[in-house]
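Visitor: my questions concern the predicted model and sequence given below.
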Amino acid sequence: MRSDTVTKPCQKMKEAMFTAEVGDDVFEEDPTVNELQSYAAKYFGKEAALYCSSGTQTNQIAINIHVTPGGEVICHEESHIYKYEGAGIARNSGASVRLLSGNRGRISLMDIKKWINPKDDVHYPLTQLVSLEDTTNRGGGALYDFEEIKKIRSFTNEMGLPLHLDGARAMNGIAARNMDPKTYASQFDSISICLSKGLGAPIGSLLIGSKDFIYKARRVRKVFGGGMRQVGFMAAAGKYALENNVLKLNIDRDKALKIEKQLQDIDWVEYIYPVETNIVIFVLKEKEKRDLLIQKLEEKEILTIPFGEGMIRMVTHLDLSFEMIDFVCKELKKLTF
């Protein structure tokens, strides 16, 4: 339960991988990669897509295209692009970051408006990109209000700024909202979609946008060392995931809700982030006992992640059965300090 990145290919996904037709993707000659990219672009109502090795790579490629050295990216202070991508914004693109606070990893239109730097003042970097993360990792799988996203989109259009989505778990959010992916994607200039979390593929993320954007992205991917050859075996897994596993994401939410309900009845829990998708974050009353609890759970083969002072994260996914979730709930109920 450490993460939804631990999912493994099912037998049918493996069969799709084993039978995939492959070619050299750097020459754009891998038919399975091309098929996945075309499928993903149509799925989200965009012109083109690019298959990459990871979500960090797709995010960093997008940022590199949207900003110039000395420019500035607006994002949440706990966003993945800032906190977990090895200072990639600075290292890869030479840009600065304007970090905003916000409820559970979400930034508001009001705060974005406050921090658009004046173009005619040489003391400030030029604001060149706004990036949202939906759902939010550090926020416990929280969802943006789609109406707020639309307002942010309207403002960035007005200001001539691109809007990027770090959609590592966007599919969980789309499923939870029961929303048309095209409607959701229409609000963003570029989208990063991870295939190897809740969707269950072993590797890969997609960068999605306009034809011109993806043309540029292919070059940046090469510069970043991300060109891949006969990668259709992996792309086949990604296509299988998009075609077969999206509807299972709400089942993962039901599993998370079950754990949340159990935690609500435990007296050593101080607070639980309200569950909206597949992430459960809770805070202990005695924060110094966090590592002890993690150890006790590990002794029962329940693996979790420390997520801050007194905080623990659990993530549900398609490889966890409801029987496993019942076992987790039972062990949580039995634990005492």
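Guide: In hand now; what should we look at? For clarity, every value in this text was computed on a predicted model and none was experimentally measured.
Visitor: all contacts plus neighbour counts: C-alpha atoms, from now on.
Guide: Will do.
Visitor: all strands of the chain, in order?
Guide: Counting by DSSP state E, the chain has strands at residues 48-52, 71-76, 96-100, 126-133, 163-167, 190-194, 205-209, 269-272, 279-284, 305-308, 311-315.
Visitor: helices or strands next to the fifth one in the packing?
Guide: I take that to be strand 163-167. The elements that strand 163-167 packs onto, with contact taken as 3 or more Cα pairs under 8 Å, 6 or more residues apart in numbering; DSSP states H and E, are helix 55-66, strand 126-133, strand 190-194.
Visitor: parallel or antiparallel, list what pairs with that strand.
Guide: Sheet pairing here is set by DSSP bridges, and for strand 163-167 it gives strand 126-133 (parallel), strand 190-194 (parallel).
Visitor: likewise the second one?
Guide: Strand pairing for strand 71-76, using DSSP bridges, gives strand 96-100 (parallel), strand 126-133 (parallel).
Visitor: got those as CSV, with mean neighbour count and distance to Lys334 columns?
Guide: Putting the strands paired with strand 71-76 into CSV (neighbours: other Cα atoms under 10 Å; distance: least, Cα to Cα, whole Å) gives the following:
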stretch, mean neighbour count, distance to Lys334
strand 96-100, 18, 40
strand 126-133, 24, 36
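Visitor: of the ones you listed, which is nearest Phe233?
Guide: Closest of the strands paired with strand 71-76 to Phe233 is strand 126-133, at 28.8 Å (criterion: Cα to Cα).
Visitor: which residues does the closest one contact?
Guide: Contacts of strand 126-133 with the rest of the structure, by Cα atoms under 8 Å, 6 or more residues apart in numbering, involve 63, 66-68, 70-76, 79-80, 105-107, 116-119, 156, 161-168.
Visitor: what about 6 Å?
Guide: 67, 71-75, 116-117, 161-166 (Cα atoms under 6 Å, 6 or more residues apart in numbering).
Visitor: dump that strand to PDB, restricted to CA.
Guide: This file holds the C-alpha atoms of strand 126-133, laid out as PDB (Å, rounded to 0.1, in the frame of the first residue of the first chain):
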ATOM      1  CA  LEU A 126       8.700  36.700 -16.600                       C
ATOM      2  CA  THR A 127       5.700  34.600 -15.600                       C
ATOM      3  CA  GLN A 128       5.500  32.000 -18.400                       C
ATOM      4  CA  LEU A 129       3.600  29.000 -17.100                       C
ATOM      5  CA  VAL A 130       0.900  27.900 -14.600                       C
ATOM      6  CA  SER A 131       1.000  24.200 -13.700                       C
ATOM      7  CA  LEU A 132      -1.800  22.300 -11.800                       C
ATOM      8  CA  GLU A 133      -1.600  18.900 -10.200                       C
END
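Visitor: give the rounded mean pLDDT of that strand.
Guide: Across strand 126-133, pLDDT averages out at 98.
Visitor: now the angle from it to helix 55-66?
Guide: 150 degrees (axes from the mean of the first three to the mean of the last three Cα atoms, to 10 degrees).
Visitor: before we move on, the earlier item: please render the strands paired with strand 71-76 as CSV that adds distance to Asn178 to the earlier fields.
Guide: CSV is the format used below for the strands paired with strand 71-76 (distance: least, Cα to Cα, whole Å):
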stretch, distance to Asn178
strand 96-100, 29
strand 126-133, 18
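Visitor: one step back: could you dump the strands of the chain into a markdown table with distance to Lys150 added?
Guide: As requested, those are exported to a markdown table (distance: least, Cα to Cα, whole Å):
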| stretch | distance to Lys150 |
| --- | --- |
| strand 48-52 | 22 |
| strand 71-76 | 16 |
| strand 96-100 | 19 |
| strand 126-133 | 12 |
| strand 163-167 | 11 |
| strand 190-194 | 15 |
| strand 205-209 | 17 |
| strand 269-272 | 29 |
| strand 279-284 | 25 |
| strand 305-308 | 31 |
| strand 311-315 | 28 |
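Visitor: from Asp265, how far off is Leu129?
Guide: The gap separating Leu129 from Asp265 is 43 Å, by Cα to Cα, to the nearest Å.
Visitor: swap in Ser190?
Guide: Distance from Ser190 to Asp265, by Cα to Cα: 42 Å.
Visitor: more neighbours, the two?
Guide: Counted by other Cα atoms under 10 Å, Ser190 and Asp265 do not tie: Ser190 has more neighbours, with 28 against 10.
Visitor: contacts only, for that one.
Guide: Ser190 sits in contact with 164, 208-209, where contact means Cα under 6 Å, 6+ apart.
Visitor: out of those residues, which comes closest to Pro125?
Guide: Checking the contacts of Ser190 against Pro125 with Cα to Cα, the nearest one is His164 at 18.8 Å.
Visitor: where do the helices of the stretch 151-300 of the chain begin and end?
Guide: In the stretch 151-300 of the chain, the segments counted as helices under DSSP state H, counting those that start in this stretch are 170-177, 181-185, 211-223, 232-244, 249-263, 290-299.
Visitor: report all helices and strands that the fourth one contacts.
Guide: If I follow you right, that is helix 232-244. Applying 3 or more Cα pairs under 6 Å, 6 or more residues apart in numbering; DSSP states H and E, we find helix 232-244 packed against helix 11-18, helix 31-43.
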